[in-house]
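A.B. asks: sequence first, then the predicted structure:
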Amino acid sequence: MAQVTFELVSPERLLLSKPVDMVVLPGSEGLFGVLAGHAPLIATLRPGVLDVHENGSVTERIFVGGGFAEVTPDRCVVLAETATPMKDIDREAVAAKVATLSAADPAGALRPIGEDPVPSELDIARAMLAAVDGLPF
């Protein structure tokens, strides 16, 4: 199977750079997969989970707090606001952050995730908590 070079970049550093079979990204309009030969595009990302596929299975799951993806036929570069491997997320810490931010912004706590074009810190924390719990968001 042909591979696509995948790079994940956060504001701090290059987090991942390697050839992969496919990457599934949380686009602002929904999930989309990138394979070798994909049509060129630039897309906005919503807070959500990015899945890296290698050898027929998901090898890495990374929560991204929004950002952009640039796709060419042989490369996919994600510029993420934040990026955290799912295995490194502390559910209790995220739940506490959601509670604190919800208390500070009660109206924001009632707003559906993704309603605003730029996700707030509360939106990102709520999406992360939903991802950890395996819930749709």
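C.D. replies: Now that the structure is in, tell me what you want to look at. Numbering: from 1, shown residues only.
A.B. asks: go through the lengthiest strand in the chain and flag the buried ones.
C.D. replies: For the chain, the strand that runs over the most residues, judged by DSSP state E, is strand 57-72. Burial within strand 57-72, assessed by neighbour count using 16 or more other CB atoms under 10 Å, is assigned to 60, 62-67, 69, 71. Bear in mind the C-beta positions are built from the backbone N, C-alpha and C, glycine included.
A.B. asks: can I get the residues you listed in CSV including pLDDT?
C.D. replies: Putting those into CSV (pLDDT from 0 to 100) gives the following:
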residue, pLDDT
60, 97
62, 97
63, 97
64, 97
65, 94
66, 93
67, 95
69, 98
71, 98
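A.B. asks: mind telling me what element residue 124 is part of?
C.D. replies: helix 121-133 (DSSP states H and E).
A.B. asks: please apply the same query to residue 36.
C.D. replies: Per DSSP H and E, there is no helix or strand for residue 36.
A.B. asks: ok, residue 97 next?
C.D. replies: Assigned by DSSP H and E, residue 97 belongs to helix 91-104.
A.B. asks: picking that back up, got the angle for the longest strand of the chain vs helix 121-133?
C.D. replies: 140 degrees (axes from the mean of the first three to the mean of the last three CA atoms, to 10 degrees).
A.B. asks: now strand 57-72 - C-alpha only, PDB.
C.D. replies: Provided in PDB are the C-alpha atoms of strand 57-72 (Å, rounded to 0.1, in the frame of the first residue of the first chain):
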ATOM      1  CA  SER A  57      -4.600  -0.800  12.400                       C
ATOM      2  CA  VAL A  58      -4.700   2.400  14.400                       C
ATOM      3  CA  THR A  59      -1.300   2.800  15.900                       C
ATOM      4  CA  GLU A  60      -1.700   6.200  17.500                       C
ATOM      5  CA  ARG A  61      -4.700   8.300  18.800                       C
ATOM      6  CA  ILE A  62      -3.900  11.900  19.500                       C
ATOM      7  CA  PHE A  63      -6.300  14.600  20.700                       C
ATOM      8  CA  VAL A  64      -5.900  17.900  18.900                       C
ATOM      9  CA  GLY A  65      -7.500  21.100  20.100                       C
ATOM     10  CA  GLY A  66      -8.300  22.400  16.600                       C
ATOM     11  CA  GLY A  67      -6.000  23.700  13.900                       C
ATOM     12  CA  PHE A  68      -5.400  23.300  10.200                       C
ATOM     13  CA  ALA A  69      -4.400  20.500   7.800                       C
ATOM     14  CA  GLU A  70      -2.600  20.900   4.500                       C
ATOM     15  CA  VAL A  71      -3.000  17.800   2.300                       C
ATOM     16  CA  THR A  72      -1.100  17.100  -0.900                       C
END
